[in-house]
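Undergrad: Pasting the sequence and the predicted coordinates here, then a few questions.
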Amino acid sequence: MSKKILKIIFAGSNDFSLAHLYSLFYSKYVISAVITKPDNLYCKKKDNIFSSIKKFAIKNNIKILQPTNLLKKNFYQSILDIKANILIVSSYGSIIPKKILKLFPLGGINIHASLLPRWQGAAPVQWAILSGDKKTGISVIKMNSNIDSGKIIYTLSCPINSTDTTITLCAKLIPISLQCMYQSLNIINNPNRKQYLKQDNKIKTIAPKIQKKDSRIYWSLSVRKIDRLIRAFTPWPGCQFLINDYFIKIKKHSIISFNKNNFNCGEIIKINKKGVQINTKKGILNIEKIQIPGKKTTHISQIIHTKKKIFIKNTILK
């Protein structure tokens, strides 16, 4: 068995970060503890009360830290007592205070899902899709007291396809991200290879946290923008539009046309077994599957012949 060469504290809170923890746990490195968000006691689904990181840590007897305040003395003392060499952060969701970073001889590194300095912030994958970027990637940075602004240790790019959602793009980024993480650890562990790249903050862009209120579709947007919105917000929070005083989520869609025409924005121009076609500011969107509040996802072909008409041709949606 190979010798364990570094003691790591890992911070993360979602499935993307779990892929990194899983890989590190079965590598030559030692996971001394994990830091993850406090339990979501208000979650309706009991399985989602614990983060995926905490579930993995429980299963594998890894020490768990769930601070509500990273500046409290007891959290500081816990980190001090562990005496780890380095902190690795991936999708944790909170800024690590400078005094905590100083407790690690090799500091902290953050695995960020963008080509920094583009898309610093909480939702880089979503904003890359929303903005129509042709590529994104992974940047591993040396952490400082500011959000995603540290020097870049290692980076790799990844193309964004016209059909990519946040789900598919994250899946493509994971193997790239693991490669970046291990390359960065090799660089950090080799004093002769520490050549980090300073970010140019003059060209930085910000990727703020996605809110549920951002998920409403307005038909005054072009079909390209609506398409990006739906793909960026899959799986969460999901895009929705208003009809008959309640919101319906779009679960599957396609684009019929990118061209401007003489129909009104939001006008239902065709309904058939292939979907509901709605005109936008520029182009036509075809909605194939929807989710009505309190119901399961349903294909349009199963709805159009029911007694209760949801979609009526020439109706103009707001």
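TA: Perfect, I can see it now.

Undergrad: Buried residues, the helix or strand harbouring T155. List them.
TA: Under the criterion of DSSP states H and E, T155 resides in strand 152-159. Buried residues in strand 152-159, counting neighbours by 16 or more other C-beta atoms under 10 Å, are found at 152-156, 158. Every C-beta, even on glycine, is put in place using the N, C-alpha and C of the backbone.

Undergrad: One more: stretch 228-240?
TA: Within stretch 228-240, the residues scored as buried using 16+ other C-beta under 10 Å are 228-234, 239-240.

Undergrad: ok, the closest residue to S149 other than its chain neighbours to I153 distance?
TA: With C-beta to C-beta, 6 or more residues apart in numbering as the criterion, S149 has its nearest non-adjacent residue at 6.1 Å, and that residue is Q199. For Q199, the distance to I153 (C-beta to C-beta, to the nearest Å) stands at 12 Å.

Undergrad: intersection of neighbour lists for these two?
TA: Overlap of the contact sets of Q199 and I153 (by C-beta atoms under 8 Å, 6 or more residues apart in numbering) consists of I141.

Undergrad: so where's the stretch 51-200 of the chain shaky on pLDDT?
TA: Applying pLDDT under 70 to the stretch 51-200 of the chain flags the ranges 191, 193-194.

Undergrad: Taking the buried residues of strand 152-159 together, which two end up most distant?
TA: Greatest spatial distance among these (C-beta to C-beta): I153 and C158, at 17.5 Å.

Undergrad: need the helices for this structure, in chain order.
TA: All helices of the chain, identified by DSSP state H, fall at 15-25, 52-59, 73-82, 98-101, 124-130, 166-189, 223-232.

Undergrad: Out of those helices, flag the one nearest I9.
TA: Between I9 and those, the tightest spacing by C-beta to C-beta is seen for helix 73-82, at 6.3 Å.

Undergrad: hang on, isn't Q126 packed against R231?
TA: No: judged on C-beta atoms under 8 Å, Q126 makes no contact with R231 at a distance of 9.2 Å.

Undergrad: residues contacting V276?
TA: The contact partners of V276, by C-beta under 8 Å, 6+ apart, come to 268, 270, 286-287, 300, 311.

Undergrad: Let's see that with 10 Å instead.
TA: By C-beta atoms under 10 Å, 6 or more residues apart in numbering, the contact list for V276 reads 243, 253, 268-270, 285-288, 290, 300, 303-304, 310-311, 313, 317.

Undergrad: Need the buried ones from those selected in PyMOL.
TA: A single PyMOL command selects the buried members of those (16+ other C-beta under 10 Å):
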select buried, resi 243+253+268+285+286+287+288+290+300+303+310+311+317
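
Undergrad: Restricted to strands, list the contacts of V276.
TA: Counting by DSSP state E, those place 243, 253, 268-270, 285-288, 290 in strands.

Undergrad: about what we covered before: using CSV, please lay out the buried residues of stretch 228-240 together with pLDDT.
TA: As requested, those are exported to CSV (pLDDT from 0 to 100):
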residue, pLDDT
R228, 98
L229, 98
I230, 98
R231, 98
A232, 98
F233, 98
T234, 97
C239, 97
Q240, 96
